[in-house]
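# Sequence first, then the predicted structure, then my questions.
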Amino acid sequence: MHGARGTGCVLAETIYDVAIVGSGPAGYTAAIRGGQLGLKVALIEAAPVLGGTCLHVGCIPTKALLFNAELWDHLKHAAEYGIDGVEGCALNWAAVQKRKDAIVTKHTKGLEFLMKKNKVTVIRGYGKLTGPAQDGLHTVALTQTPEGAPAEVKSKHVIVATGSEAKTMLGLKPDDRILTNIEMLSVTEPPKRLIVIGAGAVGVEFGSIFQSFGTEITIVEFLPRIVSVEDEEISKELTRVFKKRGIDVNTGAKVEKIEKTEAGVKVTWTAANGKTVEKEADKVLVAVGRAPRTANVGLETTRVELDRGFVKVNEAQETAEPGVFAVGDIVLGMPQLAHVGMMSGIVAVTKIAGRKYKPVRKDRIPGATYCEPQIGSVGLTEAQAKEKGYEVKVGKFPFAGNSKATIVGSHDGFVKIVADAKYGEILGVHIIGPQATELVSEAVTVMELEGTVDELMFQIHAHPTLAEAMLDAYAAVEGMAINA
Ligand SMILES: Cc1cc2nc3c(=O)[nH]c(=O)nc-3n(C[C@H](O)[C@H](O)[C@H](O)COP(=O)(O)OP(=O)(O)OC[C@H]3O[C@@H](n4cnc5c(N)ncnc54)[C@H](O)[C@@H]3O)c2cc1C
């Protein structure tokens with residue numbers, strides 16, 4: 001594993017089994033598993049901290065804020081729970097931010113520890129591929145390195161895990177009023193009025209969280225429905241609850257202009273009915289998707305194939321350039337989710353180690369959207385199952401019939417099961433309601449094991465739990481839910 005170079009004294013040059021470019025969830029998970037598998041791993045990161053979007057400006061800080069928002073919502077109804085004396089309590093935004101930052105810092109330190117534990121060499125710098133392998137070795141050139149750091153890394157394999165960044169629109173750059181997820185997470189106080197452009201997971205999560213903190217939220221979505229990757233009934237239910245919460249939801253709306261006003265912003269859009277609508281707010285959040293970061297990493301010097309900036313890979317995460325793998329948000333055709341990145345990293349590094357792996361299957365990936373009410377889903381929507389030619393049977397059970405949902409005071413939503421009418425196989429599970437992002441794990445396991453309605457109707461769930469809604473939903477496929 002070690003080569004030699006230099007004249008006079010011989011300098012050992014480290015040759016890695018795998019060099020990973022990018023330390024987001026895809027890269028750091030690949031690094032840890034690589035270490036566990038006995039590979040010599042280099043993890044190259046341009047930012048001063050490990051963890052990528054997910055840890056610093058994505059999953060973790062948003063879910064930290066979400067927890068505050070949930071507590072705050074409960075406090076608003078404290079009297080209903082028999083807790084008096086909290087009227088007039090105030091939100092300490094600085095403390096909310098401090099807690100969020102402390103959580104991120106703790107986990108950043110945790111990653112540094114895990115790299116040491118698994119003997120991963122962390123290299124600070126911006127990595128760029130320099131072409132196909134020479135004599136079986138790839139070279140990743142490094143810039144923006146600290147003093148004394150190497151100018152390049154040589155490795156038998158490279159995993160590209162450079163992630164994604166927020167798309168902007170109308171040529172506007174983010175600032176203190178036109179925000180992406182990065183600026184939104186560090187606002188000095190919740191804005192009074194916020195227009196959210198884009199109603200995918202990022203848009204509805206921020207909209208939901210800040211509505212709880214008292215911000216007046218307007219959502220503007222180009223597509224005919226919000227959370228458009230979800231089953232249609234999920235979109236409908238979320239729209240209903242958002243409207244009930246006072247969120248102004250506009251779909252089929254095309255944003256034409258975003259202008260700065262004296263104190264805020266004005267957004268102009270063409271509504272679904274063709275009318276022009278103007279609305280002012282203090283800030284606008286642009287959440288219109290994420291672009292893969294593949295432009296300046298030397299991929300053009302290799303045979304790696306791109307499609308609209310996304311990398312084409314096979315089921316082992318291999319690109320068209322031998323020895324070069326791609327994982328995480330840059331991969332073509334996969335949802336941009338941290339857990340997809342993590343598993344694709346594990347697959348790549350397991351393949352490199354010559355061990356047995358299981359490819360990432362798109363229809364087994366749980367989707368989780370942490371708005372209120374939460375959404376958890378896996379597999380085919382009802383419409384997709386029908387398009388694929390299945391004869392479909394659907395079971396739906398509302399949380400209104402679940403005793404634990406009553407206990408926790410969260411009655412909106414339902415569990416919807418999409419099953420194959422012929423064999424009863426579960427094709428998709430769509431949950432909106434309390435703890436939906438946790439409940440969806442059961443659905444993934446069920447689908448991994450090719451569970452059928454017949455079997456699952458007899459699967460015992462503890463009482464009283466939210467998970468019992470799953471049992472009732474399986475039974476509802478046969479019209480036999482106990483509690484509805
Ligand atoms: C607001 C928000 C909330 C989200 N919430 C969730 C959630 O709850 N659950 C979920 O599953 N997903 C969530 N996501 C998506 C999730 O953050 C991404 O899917 C995930 O971070 C992608 O991981 P990655 O490793 O591919 O890339 P990234 O996390 O983007 O990391 C890439 C890393 O590569 C580094 N890098 C880039 N180029 C180079 C280079 N040339 N050299 C060296 N280093 C480089 C970057 O600095 C970065 O650290 C959220 C995203 C956002 C924006």
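Right, received. Where do you want to start? Nothing here was measured: the structure is a model prediction, and the numbers come from that model.
# Which pLDDT value does the model give the residue lying closest to A272 once chain neighbours are set aside?
Computed as Cβ to Cβ, 6 or more residues apart in numbering, the closest residue to A272 that is not its neighbour in sequence is G252, at 3.3 Å. In short, each C-beta sits where N, CA and C put it, glycine included. G252 is assigned a pLDDT of 98 by the prediction.
# contacting residues for G252?
The contact partners of G252, by Cβ atoms under 8 Å, 6 or more residues apart in numbering, come to E221, F222, L223, P224, A271, A272.
# Roughly how far does it sit from the ligand?
Distance, G252 to the ligand, by Cβ to the nearest ligand atom, to the nearest Å: 24 Å.
# So what touches stretch 304-317?
With Cβ under 8 Å, 6+ apart, stretch 304-317 has contacts from 159-160, 291-292, 294-295, 299, 319-321, 324-327, 330-333, 344, 347-348, 351, 357, 359-360.
# and the residue in the stretch 251-400 of the chain that the ligand sits nearest to, how far is that from E45?
Using Cβ to the nearest ligand atom, the single residue of the stretch 251-400 of the chain nearest to the ligand is G328, 2.2 Å away. Distance, G328 to E45, using Cβ to Cβ, to the nearest Å: 13 Å.
# Find the residues that touch each one of those two.
In contact with both G328 and E45: G22, G27, using Cβ under 8 Å, 6+ apart.
# re the thing from before, now the residue nearest to A272: which helix or strand?
For G252, there is no enclosing helix or strand under DSSP states H and E.
# What residues of stretch 304-314 count as buried?
V304, L306, F310, V311, V313 (16 or more other Cβ atoms under 10 Å).
# who's the fourth one bridged to?
In this case it means V311. Taking DSSP bridges as the rule, V311 bridges to L306, V331.
# so how far is Y16 from it?
Taking Cβ to Cβ, one finds V311 at 21 Å from Y16.
# Equivalent analysis for the last one, please.
Summarising the geometry, the distance separating V313 from Y16, computed by Cβ to Cβ, is 21 Å.
# Give me the most central residue, this structure.
L337 (3.4 Å; Cα atoms, centre = their mean).
# Assumed I219 was part of a strand.
Yes: counting by DSSP: H, G, I helix; E, B strand; the rest coil, one finds I219 located in a strand.
# Next, the residue nearest to N68 when sequence neighbours are not counted: secondary structure please.
Spatial nearest neighbour of N68, chain neighbours left out: V96 (5.0 Å); criterion: Cβ to Cβ, 6+ apart. What three-state DSSP gives for V96 is helix.
# Tell me the pLDDT of the nearest residue to I258 once chain neighbours are set aside.
In this structure, I258 finds its nearest non-sequential neighbour in V267, 5.4 Å apart by Cβ to Cβ, 6+ apart. At V267, the model reports a pLDDT of 98.
# SS state for V267?
Taking three-state DSSP, the label given to V267 is strand.
# Can you report how many residues lie near the residue lying closest to K396 once chain neighbours are set aside?
Excluding the flanking residues, the one nearest K396 by Cβ to Cβ, 6+ apart is K416, at 4.8 Å. Burial of K416 is recorded as 25 neighbouring residues (other Cβ atoms under 10 Å).
# how far away is K416 from Q144?
Distance from K416 to Q144, counting by Cβ to Cβ: 49 Å.
# quick one on the thing from earlier: around the residue nearest to N68, count how many other residues there are.
Neighbours around V96, by other Cβ under 10 Å: 20.
# looking at it, it is touching F67, isn't it?
No: using Cβ atoms under 8 Å, V96 makes no contact with F67, being 9.8 Å away.
# Look up how far A338 lies from the residue of the stretch 251-400 of the chain closest to the ligand.
8 Å.
# Ok, G395 next?
30 Å.
# before we move on, back to that, touching, the residue nearest to I258 and L194? I think so.
No: the criterion here is Cβ under 8 Å, and V267 misses it with L194 at 10.7 Å.
# okay, those two: which has more neighbours?
Using other Cβ under 10 Å as the criterion, V267 and L194 rank with L194 on top: 25 against 20.
# Please name the residues that touch the more buried one.
F206, G207, F210, T215, E216, I217, T218, A281, D282, K283, V284, L285.
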